[in-house]
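A.B. asks: Structural data only, the sequence is not supplied:
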C-alpha cells in the first residue's frame with residue numbers, strides 16, 4: 001500500500017470514518033484514495049472554519065473524532081478559530097494537513113510559511129502535532145493521533161505529498177482507547193468534606209460531566225448535600241437538559257451578572273470545569289466572578305475519568321441512593337404580538353421535539369431563550385463559543401446534524417457572527433441535513449455596545465456606531481440562505497414566527513427563518529449600569 005492508504009486504514013480501523021474537507025492541490029492523492037474506498041464518508045465544506053467547526057459538532061454528539069482534510073498552512077490557518085473553540089471544549093478531532101514534498105520545502109515555494117512550518121502553526125491550537133517523515137510514518141501517526149484524540153484532544157498530522165504516494169507498510173493496530181486517569185482519593189475526600197461542612201456550595205460541572213450517567217450522579221450528590229448544580233459558562237461537549245433531566249444553571253457570561261450570580265457561594269467544587277475567570281480584564285475590576293474568600297477547589301480536571309470521580313464522590317457523601325431532581329415540563333401557550341427573544345423561546349419550548357439538538361449562538365438573545373426552554377422536551381444543548389471565537393454556530397449545527405441524522409437540530413444564530421461561516425448553509429443543503437436555523441436580525445453587534453459602555457466617556461458618536469452597527473447595508477438572510485441552497489422565510493411577529501417554526505419542524509431538510517427583532521430593552525439598562533459604574 002501507499003502512505004495515503006496506510007493513513008486511512010489507521011483512521012478507519014480506529015473508527016474515524018467521517019471526513020470534513022476543503023482540499024487543494026497537495027491533497028489530490030488523498031482525495032483519490034478516499035474516492036477509491038467506501039469506508040470514509042467525505043463531506044465538502046466551502047471554507048476551513050466550517051470544516052473544523054463541523055468536526056467539532058460531530059465529535060460533541062458522537063463522543064468520537066471525525067477527521068478534517070485541509071490544504072497546507074494557509075488552509076489550516078483559515079480553520080484555526082473553530083479549532084481554538086474545539087480545543088478549549090476538549091472535543092476530539094484529527095486534522096490531516098497537506099504539505100509540500102519534504103524535498104521541495106527547502107526550495108521555498110509559495111505555500112511555505114514566511115517564518116516557520118505548518119507544525120509551528122498547528123501547535124497553538126493542537127494538543128499534539130507532528131509531520132510525517134515517510135509514507136510508513138504517515139500511517140503510524142494516523143494510529144497515534146486517533147488513539148490520543150479519543151481522550152478529548154486536537155491532533156494534527158502534517159502530510160507531505162511524497163508521503164502520500166510512496167510505498168508504505170500497514171499501520172500499527174490502534175488500541176481501543178487510552179484510559180483516562182482516576183481522581184486521587186485525597187481529592188475526593190476533600191470535596192466530600194466541603195460538601196458536608198454546611199457552607200453554601202456549588203458543584204460546577206464541565207465537559208463529560210454535563211450529560212449521561214455523570215450528570216445523574218452529580219444530581220444525586222446535589223440532592224443529598226444541598227449543593228447547587230452549576231456549569232461552566234459555555235458548556236463543552238453538550239449539556240443534557242429539559243423535561244426529565246437534572247436542572248443545571250450555567251455561570252452567566254456577562255461580568256456584572258456573573259458576579260451577582262456567584263455572590264452567595266462560599267465554596268465551589270469543579271468537576272471537569274475551570275475557575276470562573278472574567279473573559280477579559282476590566283480596569284479596577286476583579287478578574288474572578290467568584291466572591292473574595294470563596295474557596296475554589298478543582299476536584300477533577302477535564303482529563304480525568306469524570307464519571308468514576310463522581311461515583312466515588314457519591315459514595316463518600318452517601319448520595320448513591322438519593323433521588324435526583326428532575327425538570328418538569330413547562331406548559332406554554334402560543335405567543336402573539338411583538339417578536340422578541342422571549343416569545344421565540346416560548347415557541348421553542350412548545351414545539352421542539354424530544355431529543356432535539358439545540359445549538360445556541362444567539363449571543364445577546366441567548367439568555368432569555370435558554371431560560372424559556374428550561375422546561376422544553378428533553379434535548380441536548382450545544383454552545384459553540386468555548387474559546388471565545390465567534391462564528392461557530394452554523395458549522396457546529398452542521399456537524400451535529402451529520403452525527404445524528406435521526407434527530408432534529410435547531411440552531412439559534414445571531415446575525416453578525418453568522419456571517420463568519422455562512423458557507424455552512426451550502427453544505428447543509430448539499431447533505432440535506434435536518435436543521436432549522438433561526439436568525440436573530442437586530443442589525444447590530446449588541447455585545448460590543450455593552451463593552452463600549454465600559455470605556456466611553458459620553459454617548460456613542462457616529463464614528464463609533466459605524467464600527468458596531470450592521471444596518472448600512474442591512475443583511476438579507478432570506479436571499480443569502482436561498483442563494484446557498486437553503487429555503488428561507490421571514491417572520492416579523494410572534495404569531496408569524498410560531499407558524500413558520502411549526503412548519504419547519506414538521507418538514508425534513510434544512511430551513512432558515514429570519515427574525516427581525518429589536519435589541520433587548522434590558523440590555524440597554526445593563527449598558528447604562530455598566531457606563532455609570534465602570
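C.D. replies: Received the coordinates, thanks. Please read all numbers here as calculations on a predicted model, not as lab measurements. Numbers count the residues shown, from 1 in each chain.
A.B. asks: Name the residues of stretch 494-504 that are buried.
C.D. replies: The neighbour-count check on stretch 494-504 (16 or more other Cβ atoms under 10 Å) flags 494-498, 500-501, 504 as buried. In short, each C-beta sits where N, CA and C put it, glycine included.
A.B. asks: what comes into contact with it?
C.D. replies: Outside stretch 494-504, the residues that touch it by Cβ atoms under 8 Å, 6 or more residues apart in numbering are 334-340, 343-344, 346-348, 350-351, 436, 438, 489, 491, 511, 513, 515.
A.B. asks: Residues touching stretch 418-427, excluding its own?
C.D. replies: Counting contacts by Cβ under 8 Å, 6+ apart, the residues outside stretch 418-427 that touch it are 43-47, 49-50, 53-54, 81-82, 361, 390-395, 397-398, 433, 437, 439, 475, 477, 480-481, 484-486, 510, 512.
A.B. asks: now the buried residues of stretch 494-504 as a markdown table including distance to residue 404, secondary structure and pLDDT?
C.D. replies: Written out in a markdown table, the entries for the buried residues of stretch 494-504 read as follows (distance: Cβ to Cβ, whole Å; DSSP: H, G, I helix; E, B strand; the rest coil; pLDDT from 0 to 100):
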| residue | distance to residue 404 | secondary structure | pLDDT |
| --- | --- | --- | --- |
| 494 | 29 | helix | 97 |
| 495 | 31 | helix | 97 |
| 496 | 29 | helix | 98 |
| 497 | 25 | helix | 98 |
| 498 | 25 | helix | 98 |
| 500 | 23 | helix | 98 |
| 501 | 20 | helix | 98 |
| 504 | 18 | helix | 98 |
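A.B. asks: now the residues you listed as TSV including distance to residue 269?
C.D. replies: Output for the buried residues of stretch 494-504, formatted as TSV (distance: Cβ to Cβ, whole Å):
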residue	distance to residue 269
494	41
495	46
496	46
497	41
498	41
500	44
501	39
504	41
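A.B. asks: what's the neighbour count on residue 290?
C.D. replies: Residues contacting residue 290 under the criterion other Cβ atoms under 10 Å number 24.
A.B. asks: Doesn't it belong to a helix?
C.D. replies: No - the assignment for residue 290 (DSSP: H, G, I helix; E, B strand; the rest coil) gives coil, which keeps it out of a helix.
A.B. asks: And the pLDDT for residue 503?
C.D. replies: What the model reports for residue 503 is a pLDDT of 98.
A.B. asks: ok, and the closest non-adjacent residue to residue 489?
C.D. replies: With Cβ to Cβ, 6 or more residues apart in numbering as the measure, residue 500 is the residue that lies nearest to residue 489, at 5.2 Å, once sequence neighbours are left out.
A.B. asks: Can you pull the phi and psi angles for residue 356?
C.D. replies: With angles defined as degrees, to the nearest 10, residue 356 shows backbone torsions of phi -70, psi 160.
A.B. asks: same deal with the one 3 residues further on?
C.D. replies: Backbone dihedrals for residue 359, given as degrees, to the nearest 10, come out at phi -100, psi 130.
A.B. asks: What count of nearby residues applies to it?
C.D. replies: Should you count by other Cβ under 10 Å, residue 359 turns out to have 30 residues around it.
A.B. asks: got it, and residue 103?
C.D. replies: The number of residues packed around residue 103, counting by other Cβ under 10 Å, is 9.
A.B. asks: From the centroid of the protein, which residue is nearest?
C.D. replies: The geometric centre of the chain, computed from its C-alpha atoms, lies nearest to residue 384 (Cα atoms, centre = their mean), at 3.0 Å.
A.B. asks: Could I get the full set of strands for the stretch 1-150 of the chain?
C.D. replies: Ranges of strands within the stretch 1-150 of the chain are 18-22, 41-44, 66-71, 93-99, 128-131, based on DSSP state E, counting those that start in this stretch.
A.B. asks: Also the stretch 301-450 of the chain?
C.D. replies: Using DSSP E, counting those that start in this stretch, the strands of the stretch 301-450 of the chain run over 356-361, 379-382, 409-414, 435-441.
A.B. asks: what's the closest of those to residue 109?
C.D. replies: Residue 109 lies closest to strand 356-361 among the strands of the stretch 301-450 of the chain, at 38.0 Å (Cβ to Cβ).
A.B. asks: re earlier: need the strands of the stretch 1-150 of the chain in JSON lines (columns: mean neighbour count).
C.D. replies: Conversion of the strands of the stretch 1-150 of the chain to JSON lines gives the following (neighbours: other Cβ atoms under 10 Å):
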{"stretch": "strand 18-22", "mean neighbour count": "25"}
{"stretch": "strand 41-44", "mean neighbour count": "16"}
{"stretch": "strand 66-71", "mean neighbour count": "27"}
{"stretch": "strand 93-99", "mean neighbour count": "27"}
{"stretch": "strand 128-131", "mean neighbour count": "20"}
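A.B. asks: Let me know which of these is the nearest to residue 174.
C.D. replies: Within these, the stretch nearest residue 174 is strand 93-99; the backing value is 11.5 Å (Cβ to Cβ).
A.B. asks: and that closest one, which strands flank it?
C.D. replies: The strands beside strand 93-99 in its sheet (DSSP bridges) come out as strand 66-71 (parallel), strand 154-160 (parallel).
A.B. asks: Most distant residue from the centre of this protein?
C.D. replies: Counting by Cα atoms, centre = their mean, the extreme residue of the chain relative to its mean C-alpha position is residue 107, 39.5 Å from that point.
A.B. asks: so which of the strands of the stretch 301-450 of the chain comes closest to residue 178?
C.D. replies: Closest of the strands of the stretch 301-450 of the chain to residue 178 is strand 379-382, at 25.0 Å (criterion: Cβ to Cβ).
A.B. asks: outside of stretch 54-63, which residues touch it?
C.D. replies: 18, 20, 43, 45, 65-68, 82-83, 85-86, 89, 91-93, 236-238, 357, 359, 380, 382, 384, 392, 395-404, 424, 427.
A.B. asks: Now do the contacts for residue 447.
C.D. replies: Residue 447 sits next to 363-364 when contact means Cβ under 8 Å, 6+ apart.
A.B. asks: Revised request: answer the last question for residue 248.
C.D. replies: 205, 210, 215, 229-231, 239, 241.
A.B. asks: For residue 43, see how far away the residue nearest to residue 489 is.
C.D. replies: Spatial separation of residue 500 from residue 43 under the definition Cβ to Cβ, to the nearest Å is 28 Å.
A.B. asks: got it, and residue 412?
C.D. replies: Applying Cβ to Cβ, the value for residue 412 to residue 43 is 23 Å.
A.B. asks: same check, this time on residue 263
C.D. replies: Counting by Cβ to Cβ, the separation of residue 263 from residue 43 is 46 Å.
A.B. asks: follow-up on the earlier one: let's have the strands of the stretch 1-150 of the chain in a markdown table, adding mean pLDDT and distance to residue 219.
C.D. replies: Formatted as a markdown table, the entries for those read as follows, by pLDDT from 0 to 100; distance: least, Cβ to Cβ, whole Å:
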| stretch | mean pLDDT | distance to residue 219 |
| --- | --- | --- |
| strand 18-22 | 98 | 32 |
| strand 41-44 | 98 | 36 |
| strand 66-71 | 98 | 31 |
| strand 93-99 | 98 | 30 |
| strand 128-131 | 98 | 34 |
